[in-house]
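**Q** sharing a sequence plus its predicted fold:
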Protein chains: 2
Amino acid sequence: MFIDRLIEKIKSKNNPSVIGLDPRPEFIPMHIRKKAYAEYGENLLGAARSMAIFNKKIIDAVWDIVPAVKLQLACYEAFGIEGLKAYSETVEYARKKGLVVIADAKRNDIGSTAEAYSKAYLGKVTIEGNSLSGGFDADAVTVNPYLGFDGIKPFIDDCKKYDKGIFILVKTSNKSSGQIQDLILKDGRRLYEEIARLVDQWGEELTGTFGYSSVCAVVGATYPAQAEILRKIMKRAYILVPGYGAQGGTANDAACSFCPDGLGAVVNASRSIMCAWKSNLWSDRFDEFSFNEAARAEAIRMRDDINLAVKRRFSGS
Amino acid sequence: MFIDRLIEKIKSKNNPSVIGLDPRPEFIPMHIRKKAYAEYGENLLGAARSMAIFNKKIIDAVWDIVPAVKLQLACYEAFGIEGLKAYSETVEYARKKGLVVIADAKRNDIGSTAEAYSKAYLGKVTIEGNSLSGGFDADAVTVNPYLGFDGIKPFIDDCKKYDKGIFILVKTSNKSSGQIQDLILKDGRRLYEEIARLVDQWGEELTGTFGYSSVCAVVGATYPAQAEILRKIMKRAYILVPGYGAQGGTANDAACSFCPDGLGAVVNASRSIMCAWKSNLWSDRFDEFSFNEAARAEAIRMRDDINLAVKRRFSGS
């Protein structure tokens, strides 16, 4: 089961964090870009190649200490077919290194179309009776709930069939997330509370040995008060926590999505890892040629930061 | 401005409908599939090639009578890189034939990521100071509103900059759309009413010469009573109406999204056009070898069906 695999990796590495591989040209050290442009041209191909090379070096730097990576599809899609080749190459490389791969695609549509998206990321397409892995196969994918259960069910069916997971948006990390997600319903609850209730219910049949479900949730570190409420509503949903680091969420904020067993959440950081070498914290020790060492140092700092915050939260100290 | 271009095409062709190019292997006549598999293999490539060939034949059959086509990204993504090449090839072909192209991608994410999606479908990516069209450039893209305005703004900015359009999900055509979209808010309104209010407000600065905005909405034909309410809330949003035909919406249902000026909406049909040759309506006259003629006959029938319903709605007869 997806959720058990993820939790076992989190436990064995003692690290409840995920590295976001969301490269943008400006995040990639100039020497890598220059080399790729010289070889492939200053075009979509050259940019995409620099992304793939950069990603692999980040993976090489952190694979032994982190359980999972998350790839933001938008960053690859912007560079078209070449960008998506870089996505696929990165997924394959991360899997070879034993990492759980989350496709951050935030896909959703009506039933029959959600089925096609699910085939792309989790399931298989059928060609004249033969099943083949879909185009962008990952271990889990992020999903938008706005269309209700028929937009979710095909993903859940593939989770059952192929041991995959989904992360459904509940309360996102961005500034304007409240505009819709915080709307107050007739009964006084917020919309995000109702979504959380549904997510937990939808995940019932996919509960694993640790008591958590492969139907997971997304709750931003930037909203710790809401995270506390949501953690109580969702008994079994594992929570993916974006918004730590560059977006302003702290380890204490992220800790609000964890449970007393020390499990219940994985925290994502993208920019703060990819661009660690440029940050106030690390720019004294590292430069663009040691960006990978900076990424590792920051990944370790983040791991320890979160583990400490989670420990403190539940020890009462 | 996108919306003016769309309306001018609708007027000149006297046709407020959009053909959905959402091919699935089972929709494609066997002789096309067989030929593609023989040439390219019974794999993702062969399946994707059969989709591109099929799409072009549908476009050849209808380009002179319809204003626009809509491509459902999920159908292409399921077939990976090869599928997306078929998408791009179809977009290019449709544009050469003078059709407006809507990418039905239902994308959304937090601000900086929404920006990357917008670059992929509407805007341009910057590579070392040079702007290049993103990977999957279309005239408009469908967008999910769940993340609030920061997930929408980057698309609106690109609409302004590059004369593009967006269609924001308000009330979707699927059975379970009410589970979230129909939730009753504290003030007694439904969630979809609040989304509609926001969509209309977001589109203010992009209002064109006909009084409609390039910030458009999606309202399913399967919910005519809600469409009447939403048409009143949204003074300027053009409405894309899915759910006509195979999903059960009638021309009278779709007419609820139109305005008294006879404009205000475009109705999409996918399966009923692509698979017209197999339908009860046309299977006597056409077979898999004349699927394109069947698609044209059905596109004409649909055009006349909708035009008549719209005329009746506003003439009171």
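**A** Perfect, I can see it now.
**Q** separation between the nearest residue to A:Asn130 once chain neighbours are set aside and A:Gly134?
**A** Ranked by C-beta to C-beta, 6 or more residues apart in numbering or on different chains and with sequence neighbours excluded, the top spatial neighbour of A:Asn130 is B:Glu42, at 6.6 Å. C-beta coordinates here come from the backbone N, C-alpha and C atoms, glycine included. As defined by C-beta to C-beta, to the nearest Å, B:Glu42 lies at a distance of 16 Å from A:Gly134.
**Q** which of these two has more neighbours?
**A** Neighbours were counted for B:Glu42 and for A:Gly134 using other C-beta atoms under 10 Å in any protein chain shown; A:Gly134 has more, 24 against 17.
**Q** what's near enough to touch the spatially closest residue to A:Asn55 that is not a sequence neighbour?
**A** Closest residue to A:Asn55 apart from its sequence neighbours, by C-beta to C-beta, 6+ apart: A:Thr90 at 4.3 Å. By C-beta atoms under 8 Å, 6 or more residues apart in numbering or on different chains, the contact list for A:Thr90 reads A:Leu21, A:Met51, A:Ala52, A:Asn55, A:Lys56, A:Ile59, A:Val69, A:Leu71.
**Q** what helix or strand is the second one located in?
**A** Here A:Met51 is covered by helix A:44-62, with elements defined by DSSP states H and E.
**Q** what residues sit buried inside that helix?
**A** By neighbour count on 16 or more other C-beta atoms under 10 Å in any protein chain shown, the buried set for helix A:44-62 is A:44-59, A:61-62.
**Q** who are the packing partners of the helix or strand hosting A:Asp158?
**A** Per DSSP H and E: A:Asp158 is located in helix A:153-162. Counting contacts by 3 or more C-beta pairs under 8 Å, 6 or more residues apart in numbering or on different chains; DSSP states H and E, helix A:153-162 packs against helix A:111-121, strand A:165-171, strand A:213-219.
**Q** report the angle between that helix and helix A:111-121.
**A** 40 degrees (axes from the mean of the first three to the mean of the last three C-alpha atoms, to 10 degrees).
**Q** quick one: contacts of helix A:153-162?
**A** Taking C-beta under 8 Å, 6+ apart as the rule, helix A:153-162 contacts A:2, A:111, A:114-115, A:117-119, A:122-124, A:141, A:143, A:164-166, A:202, A:205-206, A:214-215.
**Q** stretch A:76-89 now?
**A** Stretch A:76-89 is contacted from outside by A:44-45, A:47-49, A:51-52, A:55, A:71, A:73, A:75, A:135-136, B:80-81, B:84-85, B:88, B:116-117, B:119-120, B:125, B:134-136, using C-beta under 8 Å, 6+ apart.
**Q** could you give the mean pLDDT of that stretch?
**A** Taken as a whole, stretch A:76-89 has an average pLDDT of 97.
**Q** that stretch: how far from the chain's middle?
**A** 18 Å (C-alpha atoms, centre = their mean, to the nearest Å).
**Q** the helix holding A:Met51 - contacts with which helices or strands?
**A** Using 3+ C-beta pairs under 8 Å, 6+ apart, helix A:44-62 sits against strand A:17-21, helix A:30-40, helix A:73-77, helix A:80-96, helix A:271-274, helix A:291-315, strand B:124-127.
**Q** give me the neighbour count for A:Asp305.
**A** For A:Asp305, using other C-beta under 10 Å, the count is 21.
**Q** let me know whether it touches A:Ala251 as I believe.
**A** Yes. Counting by C-beta atoms under 8 Å, A:Asp305 does reach A:Ala251; the two are 4.3 Å apart.
**Q** what about A:Pro224, distance to A:Ala94?
**A** 30 Å.
**Q** can you tell me the SS state at the closest residue to chain B within the stretch 101-250 of chain A?
**A** As assessed by C-beta to the nearest C-beta, chain B sits closest to A:Gly135 within the stretch 101-250 of chain A, at 2.3 Å. Following DSSP: H, G, I helix; E, B strand; the rest coil, we place A:Gly135 in the coil state.
**Q** all good on my end, thank you.
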